[in-house]
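A.B. asks: Model the structure of this input:
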Amino acid sequence: MNAPTESRSQHQSAIAGKTPKKKWIEPVTALLMALATVGTAWSSYQSAAFTRRSNRLMNEFNSLERRANLLNIQGMQAASIHAAMFMQLLAAQQAGNEKLADFYAQRFPPDVRKAYDAWLAQKPFENPNADPHPFVPNLYEVRGTREAAEANAQAASKVTEARQNGNIS
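C.D. replies: Purely as a prediction, here's the structure:
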């Protein structure tokens, strides 16, 4: 039994003598694995950071879009009231009730009064080329229109930036 054991150990010694010991393989492998782990962790961290930024930007987009919609709704409500007042003023004038017509005209908000005066300056009852009513864009601007347009532009910018950040993550 000693002979097979001796031949085995002689064989192993011969193999060990023929190939150089590669002691550097294990530390290099461990280092590469550590670098891969750190790289994966860093990538995950960066992905989460871009996702958080994308989510924050989408929240800002939603807020701006809601604000723009609210401004548009409020503006349209005000324009509806202004148009109704104008219709009542015209109806009172047609009925010959100048006191009621003056009542409505005095209660026009400044922006409507300005548009109404500019419309009257066109002599709409005599001039066929006059604007059909004081609520045309060159005479009257719906309240909140500019602010809503600005909010929509900011919202569009936020959603574009959010998408870019989402694509990075």
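A.B. asks: Report the secondary structure state of residue 149.
C.D. replies: helix (DSSP: H, G, I helix; E, B strand; the rest coil).
A.B. asks: ok, now which ones touch it?
C.D. replies: Contacts here follow CB atoms under 8 Å, 6 or more residues apart in numbering; on that basis residue 149 touches residue 68. Backbone N, C-alpha and C define where each C-beta goes, glycine included.
A.B. asks: what pLDDT does it get?
C.D. replies: You'll see residue 149 listed with a pLDDT of 93.
A.B. asks: again, but for residue 19
C.D. replies: For residue 19, the predicted pLDDT is 57.
A.B. asks: go on, residue 162?
C.D. replies: 87.
A.B. asks: Kindly state the distance between the middle of the helix or strand it falls within and the middle of its chain.
C.D. replies: Element membership for residue 162, per DSSP states H and E: helix 145-168. Computed by CA atoms, centre = their mean, to the nearest Å, the separation of helix 145-168 from the middle of its chain amounts to 3 Å.
A.B. asks: isn't residue 100 right up against residue 94?
C.D. replies: No: in this structure, residue 100 is not within contact of residue 94 by CB atoms under 8 Å, at 10.9 Å.
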